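J.: Next one to model:
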Amino acid sequence: MQDTPILSIEKEADLCNLFMKEFGALPGWRCYPEAGGFDVLAVHDDGRQLGVEAKMALNAKVAEQILPGDRDEFFGKPGPDYRLVIVSKITPASAGIARMLAMLGVLVLVPNQYRSRLGDAYSFNFHNILEARGAQTSYGQQYLHDWNPAIRCHVPALLQALPAGVPSPVKLTPWKEKALTILALMRRQGFITAKQIAAHGHNVTRWTQPDGMKPAWLTKGAVRGQWIETEYMPAFDKQHPELYEVAVADLAAVAAKEFSLG
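T.: Purely as a prediction, here's the structure:
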């Protein structure tokens, strides 16, 4: 079956889909949507990471989003090895921003248009952007700048089919991964304890107490010290069904192992 070309780019999600489709096809690379604080976090088998922000129009806002914070390095905030911006076009008005970002170590990439069997289509040119670090390409341009982070971004435990580059995206964070484990454990037991919540690095009051006008996620169970789920529990399992299934399976495997040892 032939690969279907992308014929139009009308929104940031189209840019992300094109990038993930093509960059994810490079040897050793996997693309995680809405991970690490980026629209796309590409991760290589050797551990290298590429953080990508997508915008239809290049502006100062995307420059603010792609660059690390003023004190990120001082506070040891995680970051990727490389940073990249993808946009639908660079205009005379935004060319200066692209040049500024390039001088700061962030490449701005625009998809090329080509003629396909179905009409005009789009494709990125990734030639000579990752083969070396700090060296010059044959075209006189530098390879992607290596930011050399002390701590790399957290990589999701599972590659999920989440949309990238959309307004108010469903992001998978380390906090939410632990929340899925807590939720799976609570449903397996029929309850959860404050000690079990805290053991997964979560603030117990976030689960057991109201947040302003929002009701608490949990309520007291029939047995003292136990908490049970309420209708106000966020649907983490619906947001990330594949990862929730992994959490359920992991708990079942642990229980089976403990039973066999017993």
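
J.: so Asp14 touches Ser8, yeah?
T.: Yes: with contacts counted by CB atoms under 8 Å, Asp14 reaches Ser8, the gap being 6.9 Å. For every residue, glycine as well, the C-beta is placed using N, CA and C.

J.: Would you mind telling me which of the two has more residues around it?
T.: Asp14 (19 against 10; other CB atoms under 10 Å).

J.: And the spatially most central residue of the chain, how close does it get to Leu50?
T.: Of all residues in the chain, the one closest to the mean position by CA atoms, centre = their mean is Ala35, 1.0 Å from it. Ala35 sits 11 Å away from Leu50, going by CB to CB, to the nearest Å.

J.: where do the contact lists of the two overlap?
T.: Leu41 (CB atoms under 8 Å, 6 or more residues apart in numbering).

J.: any idea how far Ala194 is from Arg224?
T.: 11 Å.

J.: What helices and strands are in contact with the helix-or-strand element of the chain with minimal mean pLDDT?
T.: Least confident helix or strand, the chain: helix 241-261 with a mean of 78, by mean pLDDT, DSSP states H and E. On a contact count with 3 or more CB pairs under 8 Å, 6 or more residues apart in numbering; DSSP states H and E, helix 241-261 meets helix 174-189.

J.: Need the CA coordinates for the helix it packs on. CSV is fine.
T.: Extracted C-alpha coordinates of helix 174-189, given in CSV (Å, rounded to 0.1, in the frame of the first residue of the first chain):
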residue,chain,number,x,y,z
PRO,A,174,4.6,12.2,34.7
TRP,A,175,2.0,13.4,37.2
LYS,A,176,-0.8,12.0,35.1
GLU,A,177,1.0,8.7,34.6
LYS,A,178,1.1,8.2,38.3
ALA,A,179,-2.5,9.3,38.6
LEU,A,180,-3.4,6.5,36.2
THR,A,181,-1.6,4.0,38.4
ILE,A,182,-3.5,5.3,41.5
LEU,A,183,-6.8,5.1,39.7
ALA,A,184,-6.1,1.6,38.6
LEU,A,185,-5.1,0.6,42.1
MET,A,186,-8.2,2.2,43.6
ARG,A,187,-10.5,0.3,41.3
ARG,A,188,-8.7,-3.0,41.8
GLN,A,189,-8.9,-2.7,45.6
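
J.: List the buried residues of it.
T.: 176-187 (16 or more other CB atoms under 10 Å).

J.: how much does it deviate in direction from helix 241-261?
T.: 50 degrees (axes from the mean of the first three to the mean of the last three CA atoms, to 10 degrees).

J.: Name the SS class of Pro78, please.
T.: coil (DSSP: H, G, I helix; E, B strand; the rest coil).

J.: show me what contacts it?
T.: Shown in contact with Pro78 (CB under 8 Å, 6+ apart): 36, 149, 151-154.

J.: show me where the protein has strands.
T.: Remark: strands assigned in the chain by DSSP state E are 29-35, 38-44, 49-57, 82-89, 107-109, 112-116, 119-123, 192-193, 218-220, 226-229.

J.: Output the contacting helices and strands for the last one.
T.: Put plainly, it is strand 226-229. Counting contacts by 3+ CB pairs under 8 Å, 6+ apart, strand 226-229 is packed against helix 174-189, strand 192-193, strand 218-220.

J.: Take the ones you listed and write them to JSON lines, including distance to Val87.
T.: Formatted as JSON lines, the helices and strands packed on strand 226-229 follow (distance: least, CB to CB, whole Å):
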{"stretch": "helix 174-189", "distance to Val87": "29"}
{"stretch": "strand 192-193", "distance to Val87": "45"}
{"stretch": "strand 218-220", "distance to Val87": "44"}
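
J.: Perfect, that will be all.
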